[in-house]
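Visitor: what follows is a predicted protein model with its sequence.
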Amino acid sequence: MPHARRIWRAVVVDRSMEPALRAGDRLLVLPAGPDGLPWLRGAPRVGSVVIAERGGRLEVKRVGGSRGDELWLLGDNAAASSDSRTLGPVRLTALRGIVVWRSGPPGRRGRIPKLRGPN
C-alpha cells in the first residue's frame with residue numbers, strides 16, 4: 001500500500017460501483033482510517049466513496065453506515081457487488097482511503113457522483 005500520509009491513486013477494476021464509477025476509472029485517494037491523515041482517522045460520512053481492504057484485496061465501495069468501529073460498505077450496483085449486504089461490516093481498521101476525485105479517463109474527470117435513489 002502507498003505511504004499512509006500521501007495522496008495515492010487507484011483504478012476501478014469491476015462493475016460494483018456503476019454507474020458512478022466504471023472499470024478503468026482512475027481515482028485520487030486521501031489516506032484514511034487509523035493510519036491515515038490525522039483528520040481522516042475516524043469513520044467517514046455516509047455516502048462517501050472509500051477504499052477498504054477485505055480478504056487481502058482493495059475494494060471501492062460507498063459508506064452506507066457506521067456503528068462503533070465497523071463500517072457498512074455497499075456497491076452502487078447491488079447485482080454486481082460483493083459487499084456488506086452479504087459479507088457483513090468491515091472494521092474501521094480496514095479503511096485505506098477516501099476517494100476525492102476521478103482523474104480519468106478523459107471525459108470522466110471530476111467529482112464522484114452521489115448515489116441516486118434506492119439501490
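Guide: Nice, thanks for sending it over.
Visitor: so which residues of the chain form helices?
Guide: Applying DSSP state H to the chain gives helices spanning 84-87.
Visitor: Gly88: how many residues sit nearby?
Guide: The local packing of Gly88 (other Cβ atoms under 10 Å) involves 10 other residues. (Glycine included, C-beta is placed from N, CA and C.)
Visitor: what does Asp14 give?
Guide: Quick note: Asp14 (other Cβ under 10 Å) scores 16 neighbours.
Visitor: with adjacent residues omitted, what lies nearest to it?
Guide: Nearest residue to Asp14, sequence neighbours excluded (Cβ to Cβ, 6 or more residues apart in numbering): Ala23, at 6.1 Å.
Visitor: with Ile112 instead?
Guide: Per Cβ to Cβ, 6+ apart, closest to Ile112 is Val49, 4.9 Å.
Visitor: so what's the one you found up against?
Guide: Met17, Ala20, Leu21, Val60, Lys61, Arg62, Val63, Ile98, Val99, Ile112 (Cβ atoms under 8 Å, 6 or more residues apart in numbering).
Visitor: for the closest residue to Met17 other than its chain neighbours, give me phi and psi.
Guide: Of all residues not flanking Met17 in the chain, Asp76 sits nearest, at 5.0 Å (Cβ to Cβ, 6+ apart). The phi/psi pair for Asp76 (degrees, to the nearest 10) reads phi -70, psi -30.
Visitor: what's near enough to touch Asp76?
Guide: So Asp76 contacts Ser16, Met17, Glu18, Pro19, Ala20, Leu21, Arg62, Leu115, Asn119 (Cβ under 8 Å, 6+ apart).
Visitor: if we use 7 Å, what do you get?
Guide: Met17, Glu18, Ala20, Arg62, Leu115, Asn119 (Cβ atoms under 7 Å, 6 or more residues apart in numbering).
Visitor: how close does the closest residue to the third one other than its chain neighbours sit to Gly104?
Guide: Spatial nearest neighbour of Ala20, excluding adjacent residues (Cβ to Cβ, 6+ apart): Pro113 at 4.6 Å. Separation of Pro113 from Gly104 (Cβ to Cβ, to the nearest Å) stands at 16 Å.
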